[in-house]
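[1] Provided below for reference: sequence and predicted model.
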Amino acid sequence: MDAIQRYQDIERAYQQKYRQRIERQIKIVKPEATQDEIDDILDNADDDAQIFTQSLMQATRRGHAKAVLSEVQNRHDDIKNIEKTIVELHQLFMDMSLLVERQQETVNVVEQNAETAAVQLEEGTKLVNRAIMSAKATRTKKWCCFFLTIGICVMIGILVWWFGFDHKGVGGN
């Protein structure tokens, strides 16, 4: 918005300088023109060519006056083109400003989603680490149960063997 404000200030200054330059040119071509006539000419930009044309007819130095008229008309046309371009540029700035305002909400949503994804990724990493630790503990417990089962089976095997065969000679009977 700051750029648009600067642009509008520059545009106002340009229009003021343009008015002053046209006023000087009118005074050169028609020195007896009053301020009201000059203001009238400036307000009706299309009529300024008519004033210069009338002055050309009355001037004694036609060649010089024609050159001045031609130069003034060319400058006027150029200035009108520049003014049109400035208006288009102003509209472009306004459109860009509107697009930025519209896209800001989308940018905010994307930023919020990225932050949420980062938090969820961190939580997921913690859960995966906990799952790895749990898997290691479960594996260790399985091996302990396996060896305990083997030990119990060996004990049962020894007991079956011991009591399955009659060992009468051991006790003296």
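    In hand now; what should we look at? Numbers count the residues shown, from 1 in each chain.

[2] in this protein, which residue is closest to the centre?
    residue 100 (5.9 Å; CA atoms, centre = their mean).

[3] next, that one: phi, psi?
    The main-chain torsion angles of residue 100 are listed as degrees, to the nearest 10 and equal phi -60, psi -40.

[4] separation between it and residue 113?
    From residue 100 over to residue 113 the distance is 20 Å, taken as CB to CB, to the nearest Å. The C-beta positions use only the backbone N, C-alpha and C, and glycine is treated the same way.

[5] what of residue 25?
    61 Å.

[6] residue 69 too?
    65 Å.

[7] which one's more surrounded, these two?
    Per other CB atoms under 10 Å, whichever of residue 69 and residue 113 has more neighbours is residue 69, with 20 against 10.

[8] next, residue 33: secondary structure please.
    In the three-state summary, residue 33 is assigned as coil, counting by DSSP: H, G, I helix; E, B strand; the rest coil.

[9] my guess is it contacts residue 24. True?
    No. The criterion here is CB atoms under 8 Å, and residue 33 misses it with residue 24 at 11.4 Å.

[10] so the two - more neighbours on which side?
    Set residue 33 next to residue 24 and count neighbours by other CB under 10 Å: residue 33 wins out with 16 against 11.

[11] not counting sequence-adjacent ones, nearest residue to that one?
    Sequence neighbours aside, residue 26 is the residue nearest to residue 33 in space, at 5.9 Å (criterion: CB to CB, 6 or more residues apart in numbering).

[12] which of the helices or strands spans the one you found?
    If you go by DSSP states H and E, residue 26 is part of helix 2-29.

[13] elements contacting that helix?
    In terms of contacts (3 or more CB pairs under 8 Å, 6 or more residues apart in numbering; DSSP states H and E), helix 2-29 is packed against helix 35-43, helix 48-58, helix 62-164.

[14] re earlier: right, and the residue nearest to residue 33 touches residue 41 too?
    Yes. Applying CB under 8 Å as the test, residue 26 and residue 41 come out as touching, 5.9 Å apart.

[15] would you mark the buried spots in stretch 39-46?
    41, 42 (16 or more other CB atoms under 10 Å).

[16] what's the average pLDDT for that stretch?
    In this model, stretch 39-46 has a mean pLDDT of 70.

[17] again, but for stretch 2-12
    For stretch 2-12, the per-residue pLDDT values average out at 79.

[18] could you list the buried residues of that stretch?
    Applying 16+ other CB under 10 Å to stretch 2-12 flags no residue as buried.
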